[in-house]
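Enquirer: mind folding the following:
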Amino acid sequence: MRVPRLLVYETDGRLAAILDSCAKRHQWILYQPRSTNSCLRQLQRGGPAVLVLRLGRDLARELAGLDQVSWSFPETAIIAVTDHEDTALTGLIWDLGASFVLWPPWLPGELENITLGLMGAPVGAWR
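Expert: This next block holds a predicted model:
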């Protein structure tokens, strides 16, 4: 069996920092792709994966990437993290294939628990 991979696609590294210790504890490989193509290359390797995608800087490009990942790799769970709650945007994110949408306010433990659940690990195991 392949080692589960956690891909965190963002520009500032904040989400990756939150998930780093969780990934180490569960022996997942943490990748921080800097482009959609890099993300797609990582997912082509196969095996269990969760993509955490920060939305908000270049929404059109980010949503296109979300759509491309969900169509190309439907087995990949996708957590979309937005900067604000927007019902119309949330609906579009769901329609494009996100497994979960997270908007403020949220705590780091929530992101960890969602990731654990999508990876199939016991929720609350991050503590």
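Enquirer: now the residue nearest the centre of the chain, which residues is it bridged with?
Expert: For the chain, the residue nearest the mean C-alpha position is V52 (1.4 Å; CA atoms, centre = their mean). V52 has these beta-bridge partners by DSSP bridges: V8, I79.
Enquirer: how about the contacts made by it?
Expert: Contact partners of V52, counting by CB atoms under 8 Å, 6 or more residues apart in numbering, are 6-10, 15, 19, 78-79, 81, 111, 115. Heads up, the C-betas are built off the backbone N, CA and C, glycines and all.
Enquirer: if I look at it, how far off is W28?
Expert: Going from V52 to W28 by CB to CB, to the nearest Å gives 12 Å.
Enquirer: list the residues that contact both of the two?
Expert: L6.
Enquirer: what is the burial count for L96?
Expert: Neighbourhood size, L96 [other CB atoms under 10 Å]: 19.
Enquirer: which residue ranges of the chain form strands?
Expert: 5-9, 29-31, 49-54, 77-81, 100-102 (DSSP state E).
Enquirer: okay, now the sheet partners of the last one, with direction.
Expert: The one in question is strand 100-102. Partners of strand 100-102, by DSSP bridges, with direction: strand 77-81 (parallel).
Enquirer: could you dump the partner strand to CSV, C-alpha only?
Expert: In CSV, the C-alpha atoms belonging to strand 77-81 read as follows (Å, rounded to 0.1, in the frame of the first residue of the first chain):
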residue,chain,number,x,y,z
ALA,A,77,-10.7,14.2,-1.2
ILE,A,78,-10.5,18.0,-1.5
ILE,A,79,-10.9,20.4,1.3
ALA,A,80,-11.5,24.0,0.1
VAL,A,81,-10.6,26.7,2.5
